[in-house]
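[1] mind folding the following:
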Amino acid sequence: MIRNTILAAVLGTAATAASANTIVDIAAGDERFSTLVAAVTAAGLVETLQGEGPFTVYAPVNDAFAALPAGTVETLLKPENKDQLTNVLLYHVDDRQLNAGDFPAGSNYFKPVLASERLCITAGNGVTIADGTGEMANVIIADIQADNGVIHVIDKVLLPGTRPACH
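    Next up, the predicted model:
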């Protein structure tokens with residue numbers, strides 16, 4: 001009887017672990033995020049983003065990375081540029097779970113994990129995000145739920161820089 005109880009507990013735990021659907025699991029299972037997954041891996045952030053969370057990840061699609069100036073992605077992926085790559089990636093992460101309905105109407109500052117920076121998120125007819133370059137990313141798919149947070153798919157790589165105007 002005790003053996004069966006232990007076996008059931010072990011199998012239950014294994015089934016729960018096997019069904020885990022973290023932010024990284026979702027991104028890795030979707031070809032649209034292959035560049036993002038490569039970057040997260042190169043930066044050593046896989047384990048972090050598989051953690052308990054909660055996280056909100058603004059996930060650029062491959063086309064967003066391809067739109068960067070030629071050679072940018074390749075340069076960021078080099079081991080000697082790991083700190084710079086990590087900063088860019090952490091600019092895409094909030095340490096809270098923020099569903100699209102959690103963004104107040106209008107334009108408001110949000111602080112990503114990259115603590116010295118700000119994003120300006122505007123909610124209304126859709127959701128847009130201004131980054132440190134002042135350019136806008138559009139949320140093209142909102143609220144992909146993960147066990148440890150939420151993913152909002154965006155059409156531009158967010159880049160740190162100066163605080164965006166948010167009015």
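[2] helices or strands up against the lengthiest strand in the chain?
    Looking across the chain with DSSP state E, the single longest strand is strand 136-146. Counting contacts by 3 or more C-beta pairs under 8 Å, 6 or more residues apart in numbering; DSSP states H and E, strand 136-146 is packed against helix 23-28, strand 55-60, strand 126-130, strand 149-154. No exception for glycine: its C-beta is placed from N, CA and C like everyone else's.
[3] Q84 against L76, yeah?
    Yes - the criterion here is C-beta atoms under 8 Å, and Q84 meets it with L76 at 6.3 Å.
[4] and the two? Which one has more around it.
    A side-by-side neighbour count of Q84 and L76, using other C-beta atoms under 10 Å, places L76 first with 21 against 14.
[5] output the lowest mean pLDDT helix or strand found in the protein.
    Across the helices and strands of the chain, mean confidence by mean pLDDT, DSSP states H and E is lowest for helix 2-18: a mean of 35.
[6] the spatially most central residue of the chain: what's it in contact with?
    With distances taken as C-alpha atoms, centre = their mean, V57 lies nearest the centre of the chain, 2.4 Å away. Neighbouring residues of V57 by C-beta atoms under 8 Å, 6 or more residues apart in numbering: 23, 27, 49, 92-93, 149-152.
[7] that one bridge partners, please.
    V93, I151 (DSSP bridges).
[8] from P69, how far off is it?
    To P69, V57 is 24 Å away according to C-beta to C-beta, to the nearest Å.
[9] please apply the same query to A123.
    With C-beta to C-beta as the criterion, A123 and P69 are 30 Å apart.
[10] could you check which of the two is surrounded by more residues?
    A123 (17 against 7).
[11] and the pLDDT at the more buried one?
    What the model reports as pLDDT for A123 is 94.
[12] re earlier: kindly reformat the contacts of V57 as TSV containing neighbour count and pLDDT.
    Below are these laid out as TSV (neighbours: other C-beta atoms under 10 Å; pLDDT from 0 to 100):
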residue	neighbour count	pLDDT
I23	27	95
A27	22	95
L49	21	92
H92	26	95
V93	21	95
G149	25	95
V150	22	96
I151	21	96
H152	24	97
